[in-house]
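Undergrad: Quick check, what structure comes out for this input:
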Amino acid sequence: MDNLVNVLYIIAFAMFIYGLMGLTGPKTAVRGNQIAAVGMFIAVVATLIAVRDTSQWVLIVAGLVIGIALGVPPARFTKMTAMPQLVAAFNGVGGGTVALIAWAEFLDTDGFSAFNHGESPTVHIIVGSLFAAIIGSISFWGSVIAFAKLQELLSGAPITLGRAQQPVNLLLLIGAVAAAVVIGLGAGDSGVSQWWMVGLLVAAGVLGLMVVLPIGGADMPVVISLLNALTGLSAAAAGLALNNTAMIVAGMIVGASGTILTNLMAKAMNRSIPAIVAGGFGGGGVAAAAGDGEAKTAKATSAADAAIQMAYANQVIVVPGYGMAVAQAQHAVKEMAALLEAKGVEVKYAIHPVAGRMPGHMNVLLAEAEVSYDAMKEMDDINGEFSRTDVALVIGANDVTNPAARDDAGSPIYGMPVLNVDQAKSVIVLKRSMNSGFAGIDNPLFYADTTSMLFGDAKKSVGAVTEELKAL
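TA: Sure thing, here's the model as predicted:
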């Protein structure tokens, strides 16, 4: 039976990795998810076989049923605009689960003193459990704040304690580690108080809150990825303590992939991960219209004028952002693009790595509207084409099109790679108002001579442009 369990686990791990490989491209992402899901089913079956006491199957199956009941409805019915919140919530649940597992093992083994039927606990059991408890708790409570900010239950602006922020965080970290040391040193004695474990979980939980609260909304995509990586690492540590191969491998896959993604996104924003964790960037407030003290005026346009510009263009590049997601305008954009292509206009889509609220947010929205994958171009591939583009249509994208990132050394986003929208011959920006983006920074692109603003709900504005195109 042990050999069968090991074989099933190996098959499951292979499917995890193969499924993850499918997620590297939009054409294979759905199949990759399906393959990984089958791998998880095999891992669950292997776990059931590994449990010698079949009476425990009732609890395991009950947990599966509850998990399915709680997980499937939000996954099926959550709108794409709220998908980042759902990712943050699911990730937080994973971290919280790991922390609870570590706490349960502590209680079940009388403070790790009687692990494995009275055997003395080894170092990897103690360290793995305590590491999982700290990181899992940080991940859970940090994800709660990330969810609240994305859902706008909390302000997207940094919430800090001022100069006391970092000292408080340091004290909380020292407190959690000190509690872990006390538990670890007393693990051979049955008298270790469970209150040390409670203190560890509380200190780590508060630290999770205090780390994410000061982080501004513009950094939320990176934060979600970082918390995901932490959840994976905590799961791997718990697996090491429990001698559970499935948790070790799955946790390391999640931790490694999340770490790589976090690093890539941080580079895409020209931000270091320590600087992001330190917080302070992003605000969501309304910035002044002029950075040089002079009044600036944005030029408004109409749907009819926008339609004429694009109808007689050779190439149009659509730049989607969170505004498109909020308005659910992707289907309207696809219809408009089809009309332009019928008139001989080449239409492409410029995707910034951190557009929206999570990695791949714009890709998923456009794919939902059946936009061709080949038409979606990453930043490095599309930036050289803006200078040869007649019209760039910006739909609710603010920070990722801000030329201040290239030109203004005093800007908070200076050095961040952005889409070179301002190099197009004409720029049309669809926005509800002149409010700044999630980073709370004004965008000089809106006041450029070649830029015109089409105000209103993005879906309605694109629909109006589409009607004008039909009339041409």
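
Undergrad: measure Gly22 to Asn33 for me?
TA: Using CB to CB, to the nearest Å, Gly22 is found at 7 Å from Asn33. For glycine as for every other residue, the C-beta is placed from the backbone atoms N, C-alpha and C.

Undergrad: How about Ala250?
TA: Separation of Ala250 from Asn33 (CB to CB): 15 Å.

Undergrad: And the protein, split by domain according to the record?
TA: Structurally, the chain divides into domains by automatic domain parsing as follows: 1-77, 80-278, 303-471.

Undergrad: Looking at Gly22 and Asn33, which one has more neighbours?
TA: Gly22 (17 against 14; other CB atoms under 10 Å).

Undergrad: Return the residues in contact with that one.
TA: Neighbour list for Gly22: Thr28, Ala29, Arg31, Gly32, Asn33, Ile35 [criterion: CB atoms under 8 Å, 6 or more residues apart in numbering].

Undergrad: Next, it: phi, psi?
TA: phi -70, psi -20 (degrees, to the nearest 10).

Undergrad: so what's it closest to, chain neighbours aside?
TA: Gly32 (2.2 Å; CB to CB, 6 or more residues apart in numbering).

Undergrad: Now do the contacts for that neighbour.
TA: Tyr18, Gly19, Leu20, Met21, Gly22, Leu23.

Undergrad: And Ala424, by the same measure?
TA: Contact analysis of Ala424 by CB under 8 Å, 6+ apart lists Ile317, Phe386, Ser387, Thr389, Asp390, Val391, Ala392, Thr450.

Undergrad: List buried residues within these.
TA: Ile317, Phe386, Thr389, Asp390, Val391, Ala392 (16 or more other CB atoms under 10 Å).

Undergrad: now the helix or strand hosting the first one: mean pLDDT?
TA: Taking DSSP states H and E as the definition, Ile317 sits inside strand 315-320. Over the span of strand 315-320, the pLDDT mean works out to 95.

Undergrad: what lines up beside that strand in the sheet?
TA: Sheet pairing for strand 315-320, assigned by DSSP bridges, gives strand 346-351 (parallel), strand 391-395 (parallel).

Undergrad: TSV for those, including distance to Ala176?
TA: Below are the strands paired with strand 315-320 laid out as TSV (distance: least, CB to CB, whole Å):
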stretch	distance to Ala176
strand 346-351	39
strand 391-395	44
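
Undergrad: hey, which of these is tucked in deepest?
TA: Of the strands paired with strand 315-320, the one with the most neighbours on average (mean count of other CB atoms under 10 Å) is strand 391-395, at a mean of 28.

Undergrad: Render the CA-only coordinates of it in CSV, please.
TA: Output of strand 391-395 as CSV, limited to C-alpha atoms (Å, rounded to 0.1, in the frame of the first residue of the first chain):
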residue,chain,number,x,y,z
VAL,A,391,-4.4,56.0,-32.9
ALA,A,392,-3.8,54.6,-29.4
LEU,A,393,-7.1,54.0,-27.5
VAL,A,394,-6.5,54.0,-23.7
ILE,A,395,-9.4,52.4,-21.8
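
Undergrad: from here on, count from 28
TA: That works, and once the first residue is 28, the last one we named lands at strand 418-422.

Undergrad: Tell me how far that strand lies from the chain's centre.
TA: Strand 418-422 sits 25 Å away from the centroid of its parent chain (CA atoms, centre = their mean, to the nearest Å).

Undergrad: Could you do stretch 436-449 as well?
TA: Taking CA atoms, centre = their mean, one finds stretch 436-449 lying 21 Å from the centre of the chain it belongs to.

Undergrad: Same question for stretch 374-392.
TA: Centre-to-centre, stretch 374-392 and its host chain are 12 Å apart (CA atoms, centre = their mean).

Undergrad: How about stretch 97-107?
TA: With CA atoms, centre = their mean, you get 17 Å for stretch 97-107.

Undergrad: What's the mean pLDDT across that stretch?
TA: pLDDT averaged over stretch 97-107 gives 87.

Undergrad: helices and strands of this protein: which one has the lowest mean pLDDT?
TA: helix 142-145 (a mean of 48; mean pLDDT, DSSP states H and E).

Undergrad: just the helices in the stretch 128-277 of the chain please.
TA: When secondary structure is read from DSSP state H, counting those that start in this stretch, the stretch 128-277 of the chain shows helices at 142-145, 150-177, 192-212, 221-239, 247-269, 272-295.

Undergrad: Could you pull up the residues touching Phe104?
TA: If a contact means CB under 8 Å, 6+ apart, then Phe104 has no contacts.

Undergrad: Touching, Pro386 and Met292? I think so.
TA: Yes. With contact defined as CB atoms under 8 Å, Pro386 reaches Met292; the gap is 6.4 Å.

Undergrad: what do those two both touch?
TA: With CB under 8 Å, 6+ apart, Pro386 and Met292 have common neighbours Pro248, Ser252, Pro380.

Undergrad: so which of those residues is the most crowded?
TA: Pro248 (29 neighbours).

Undergrad: can you tell me which residues contact that residue?
TA: Taking CB under 8 Å, 6+ apart, one finds Pro111, Met292, Val381, Gly383, Arg384, Met385, Pro386, His388 in contact with Pro248.

Undergrad: Report the separation between Gln192 and Gly169.
TA: Distance from Gln192 to Gly169, by CB to CB: 15 Å.

Undergrad: Flag the shaky bits of the protein, pLDDT-wise.
TA: 137-149, 214-219, 244-245, 306-322, 463-467 (pLDDT under 70).

Undergrad: and if we set it to 50?
TA: Low-confidence segments of the chain (pLDDT under 50): 142-145, 311-320.

Undergrad: which residues of it fall in strands?
TA: In the chain, the strands defined using DSSP state E lie at 342-347, 373-378, 403-405, 418-422, 453-458, 478-482.

Undergrad: Measure how the first one sits relative to strand 453-458, angle-wise.
TA: By that I understand strand 342-347. Counting by axes from the mean of the first three to the mean of the last three CA atoms, to 10 degrees, strand 342-347 lies at 20 degrees to strand 453-458.

Undergrad: ditto for the fourth one
TA: Here strand 418-422 points in a direction 10 degrees away from that of strand 453-458 (the same axes, to 10 degrees).

Undergrad: same question, the second one
TA: Between strand 373-378 and strand 453-458, the angle formed by their directions is 50 degrees, by the same axes, to 10 degrees.

Undergrad: Which residues does strand 373-378 contact?
TA: With CB under 8 Å, 6+ apart as the test, strand 373-378 has contacts from 341-347, 364, 367-368, 389-390, 393, 398, 402-406, 409-410, 412-413, 419, 446, 448.

Undergrad: Ok, the last one next?
TA: Counting by CB under 8 Å, 6+ apart, the neighbours of strand 478-482 from elsewhere in the structure are 325-330, 332-333, 449, 453-461, 472-473, 488, 492.
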